[in-house]
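Novice: here is a sequence together with a model predicted from it:
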Amino acid sequence: MELKKTAVAGTMESSDIMVTVEPRESGGIVLELTSSVMKQYGRRIERVIRETAAELGVEHALICAVDKGALDCTVRARVSAAIFRAAERENITWEVGK
Amino acid sequence: MRRIEYGYELCAGRPFRGQAQAELRAFLAEAELTYDPGIGYSVVIRDEAGRIAAAASLDRDTVKCAAVRPDLQGSGLMAQLITCLRQEAVSRGIRSLFLYTKPRNRRQFAELGFYEVAGTEEVLLMEDRRGGFAAWAAGIQDIRACGTVGCLAANCNPMTLGHRHLIEQAAARCDTLYLLVVSEDRSAVPAAHRRRIVEQAAGDLANVIVAETGRYLISSASFPDYFLKERAEAVWCGLDIAVFCRLARILGISRRFVGTEPLCPVTAAYNRAMAAALPQAGVELVELARLEQNGVPISATAVRKLIADGRWQEIKSLVPEAAYDYFSEEENRRLFLQRYQALTVSDQIVAQETGGR
Amino acid sequence: MNERRYEKDRLRRSMMFVPGNHPGMIADSRIYGADSIMFDLEDSVSLAEKDAARFLVYQALRTLDFGKKEIVVRINDLDSGLGVRDLEAIIPAGVHVVRLPKTDCPQDVIDCEREIARIERAHGIPVGAVGMMAAIESANGVLNAREIACASDRLIGIALGAEDYVTDLKTVRADGTELLFARSMILHAARSAGIAALDTVYSDVNNEEGFLAEVELIHKLGFDGKSVINPRQIQPLHRAFVPGEKDLRRAYDVIAAIEKANARGSGVISLNGKMIDRPIVIRARRLIALAEADRIAREE
């Protein structure tokens, strides 16, 4: 998916994560993560963010995330929302739950 | 942690005016902060009784005047406010944020995704990009730099023969000179045009590397003038010097050049502060005498006045050829006049303070 | 992860509103013991956040384990253009029941049902797997309540949305008198269609006395349950709906007497010298079912 502008989704309230996605021309996905549970879950959150970006076909972007203890599903939701906003796209492919 | 549930209300102002602004001012005064006139957007959270519980504001890309009432600290109110400011910034096309705060709030804002750029005992400059400063410094760094590395910063609004003289003198006193043109676009000559003129007019000096001050040095981001006014100048001088020292370490700068300042008391004070602080960072401050014509230093202010008064031909003896050629173009003069008139009085003062001599 | 098909009849004493763009409240919603959880994409979500809330509810439905709780999502109305997009996300994600807001006429239900069926088909979900409930929030809706309640087999119930309704009537929420007609209409329509009647929220969360009085009123009227906005309201609400010890014992006695009479082949049934007629038996069965459902819900 092609990113057109910088976009943000989520909040910095407890259990949420604020994700800012900035388009880049190259350099892959650069991730800057701040988390209130960095030691225990930092790697896991990073993995979920990268997976979500990859699933949505984003190759190059700066992703800044400030996590306040979000569940995986929240991380996915916020990253997806920020990416779709950055791509100015609304035609989302929803899939049947596992 | 006290959870804020019901009865709290968040309101935004673009910016607040009248009674709402007066209330915000009073709230900030309690927190030893002063409302900054540059604020364009504010958010406040009010408690059940309608009293301000927390507030934060945005001056373009800089978060200012952020405070939470002491009895409510640690309740997540600042996170809500910063969330709003970030959303607003993104909607205005601003990519990254700066933030001023007191050093004791370092941790609180680190948890909200801000990273330290530089700080003094009184004030801390933070940004929301971990590698922001380092990336900027890396962009300036030039592989040709060698030997004794010097630095000169100037607004060049527009470049005069006085600037040319300073650059020549500085370049002669080191092996490599980083010439940083002020990026802040608050001057009558647009930043990109100022830089282009400098590049043309200093292009013959082989050891001069032209770059920009970016958002970090001598920018509106380094004007924490919401702190109590009588301390303001010393505070921002100190911070700007701290930012410069960090850059100097990365670029290996050991000499900072400035022009002597017989006229402007603010710049003179800034130079004095640098003379005191730079040696501690292993940087020598070198003051260079300004070029005079008919017994007075050549001044960019005088050049601007001539152009504004329609006497642009008279600048020929005061500016390098590249600048004269620039103003020979009618379109450039028209742009200059538009911007010159549009700048508010306070902006002109800022422009002068930031090296527009 | 969650059971796909909705249940037509189940315990629905409390339906807890959870703002759809609030991850903390979504995660916590599982622990408060509400019979149904209702994620809201409508009034609690600002226009600028509709997309983000949709992503959040979609991911929560796909990932979180809500046990045997009923999952309802309140969508935006179809006229806003947002409602269909909400459906497109939440149906594949596994919602049990779609709550349609601002239902004024049976056509609103039919239109929504058509969209639901289209999306079910597109995803290979059996058509009819997703249930519906209609919220009635206007004078027109109240007057059309019976037709609305009968507009689709998918409907599990109809609900009163009082805030919009009183505004439409040119009045405000007060002691309940202002809602008497609407509640009576909705209750009759629901009973006529054989579906649940669900009451509106009580929004003054700090007024426990007022809340309990309203709960008693709607329980007496015959409602099956009520929407709640604060977890604190759930337990008092459930207590009001759970049969008392004495009533329950009497209900068991009634059923025992019936079984005894049936065994004897006797036509006339009496208990402690009093005649037991059909309504008494039905009420006794309901009471026992309610107590049983409550026991199961509490074991969850």
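Specialist: Arrived safely, thanks for sending.
Novice: doesn't residue C:227 fall inside a helix?
Specialist: No. Secondary structure of residue C:227 (DSSP: H, G, I helix; E, B strand; the rest coil): strand, not part of a helix.
Novice: my guess is it meets residue C:200, correct?
Specialist: Yes. In this structure residue C:227 lies within contact range of residue C:200 using CB atoms under 8 Å: 6.3 Å. The way it works is simple: take the backbone N, C-alpha and C, and place the C-beta from them, glycine included.
Novice: quick check: neighbours shared by the two?
Specialist: residue C:159 (CB atoms under 8 Å, 6 or more residues apart in numbering or on different chains).
Novice: all helices for chain C, in order.
Specialist: Shown for chain C, the helices assigned by DSSP state H span residues C:23-28, C:50-63, C:83-93, C:106-122, C:139-143, C:145-149, C:162-168, C:180-193, C:208-221, C:234-241, C:245-264, C:278-299.
Novice: cool, and the stretch 51-200 of chain B?
Specialist: In the stretch 51-200 of chain B, the segments counted as helices under DSSP state H, counting those that start in this stretch are B:77-91, B:106-110, B:132-140, B:161-172, B:191-201.
Novice: tell me how many other residues crowd residue C:153.
Specialist: Residue C:153 has 12 neighbours, counted by other CB atoms under 10 Å in any protein chain shown.
Novice: tell me how many other residues crowd residue 48.
Specialist: Let's take chain A. 21.
Novice: oops, wrong one, chain B.
Specialist: Residue B:48, neighbours per other CB under 10 Å, totals 10.
Novice: that one falls within a helix, correct?
Specialist: No. Using three-state DSSP, the secondary structure at residue B:48 is coil, not a helix.
Novice: now it. Its backbone dihedrals?
Specialist: phi -60, psi -30 (degrees, to the nearest 10).
Novice: that one reaches residue C:206, doesn't it?
Specialist: No. Using CB under 8 Å as the test, residue B:48 is too far from residue C:206 to be in contact (10.5 Å).
Novice: hmm, back to that, out of the helices of the stretch 51-200 of chain B, nearest to residue B:69?
Specialist: helix B:77-91 (8.4 Å; CB to CB).
Novice: and the contacts of the closest one?
Specialist: A:6-8, A:11-13, A:18, A:20, A:68, B:4, B:10, B:12, B:41, B:43, B:45, B:53-58, B:61, B:63, B:66, B:68, B:97, B:108, B:112, B:128.
Novice: can you rerun that using 7 Å?
Specialist: A:6-8, A:11-13, A:18, A:20, B:4, B:10, B:12, B:41, B:43, B:45, B:53-54, B:56, B:58, B:61, B:63, B:66, B:68, B:97, B:108, B:112 (CB atoms under 7 Å, 6 or more residues apart in numbering or on different chains).
Novice: around chain A, which positions in chain B sit nearby?
Specialist: For chain B, the residues in contact with chain A (CB under 7 Å from any CB of the partner chain) are B:76, B:79-80, B:82-83, B:86-87, B:90, B:95, B:111-113, B:128-130.
Novice: let's have the helices of chain C in TSV, adding mean pLDDT, distance to chain A and mean neighbour count.
Specialist: Formatted as TSV, the helices of chain C follow (pLDDT from 0 to 100; distance: least, CB to the nearest CB, whole Å; neighbours: other CB atoms under 10 Å in any protein chain shown):
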stretch	mean pLDDT	distance to chain A	mean neighbour count
helix C:23-28	94	3	20
helix C:50-63	97	4	25
helix C:83-93	97	4	23
helix C:106-122	97	9	17
helix C:139-143	98	30	19
helix C:145-149	98	28	23
helix C:162-168	95	25	18
helix C:180-193	98	30	19
helix C:208-221	95	26	16
helix C:234-241	92	20	18
helix C:245-264	87	39	14
helix C:278-299	86	24	14
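Novice: distance to chain B added to these, as CSV?
Specialist: Output for the helices of chain C, formatted as CSV (distance: least, CB to the nearest CB, whole Å):
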stretch, distance to chain B
helix C:23-28, 10
helix C:50-63, 11
helix C:83-93, 21
helix C:106-122, 31
helix C:139-143, 29
helix C:145-149, 32
helix C:162-168, 17
helix C:180-193, 26
helix C:208-221, 14
helix C:234-241, 16
helix C:245-264, 35
helix C:278-299, 26
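Novice: ok, back up a step: buried members of the contacts of helix B:77-91 into ChimeraX, please.
Specialist: Remark: buried members of the contacts of helix B:77-91, expressed as a ChimeraX selection using 16 or more other CB atoms under 10 Å in any protein chain shown:
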select /A:6,7,8,11,12,13,18,20 /B:4,41,43,45,53,54,56,58,61,63,66,68,97,108,112
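Novice: now, which of the contacts of helix B:77-91 lie close to chain C?
Specialist: Okay, of the contacts of helix B:77-91 touching chain C (CB under 7 Å from any CB), that's residue A:13.
Novice: quick check: which element contains the residue nearest to residue A:4 when sequence neighbours are not counted?
Specialist: With sequence-adjacent residues excluded and distances taken as CB to CB, 6 or more residues apart in numbering or on different chains, residue A:4 is closest to residue A:88, at 5.2 Å. Counting by DSSP states H and E, residue A:88 is held by no secondary-structure element, helix or strand.
Novice: quick check: residues of chain A near chain C?
Specialist: Residues of chain A lying near chain C (CB under 7 Å from any CB): A:9, A:13-16, A:70-74, A:76-77, A:80-81, A:84, A:94-98.
Novice: mind showing which ranges of the stretch 101-250 of chain B have poor pLDDT?
Specialist: B:220-233 (pLDDT under 70).
Novice: contacting residues for the residue in the stretch 151-300 of chain C that chain A sits nearest to?
Specialist: Using CB to the nearest CB, the single residue of the stretch 151-300 of chain C nearest to chain A is residue C:231, 15.3 Å away. Each residue near residue C:231 by CB under 7 Å, 6+ apart is listed here: C:16, C:32.
Novice: now the helices for the stretch 251-357 of chain B?
Specialist: Using DSSP H, counting those that start in this stretch, helices in the stretch 251-357 of chain B cover B:265-277, B:300-308, B:321-328, B:330-342, B:345-353.
Novice: turn those helices into JSON lines, including mean pLDDT and mean neighbour count.
Specialist: Shown next, in JSON lines, are the helices of the stretch 251-357 of chain B (pLDDT from 0 to 100; neighbours: other CB atoms under 10 Å in any protein chain shown):
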{"stretch": "helix B:265-277", "mean pLDDT": "82", "mean neighbour count": "16"}
{"stretch": "helix B:300-308", "mean pLDDT": "91", "mean neighbour count": "19"}
{"stretch": "helix B:321-328", "mean pLDDT": "95", "mean neighbour count": "18"}
{"stretch": "helix B:330-342", "mean pLDDT": "91", "mean neighbour count": "13"}
{"stretch": "helix B:345-353", "mean pLDDT": "49", "mean neighbour count": "16"}
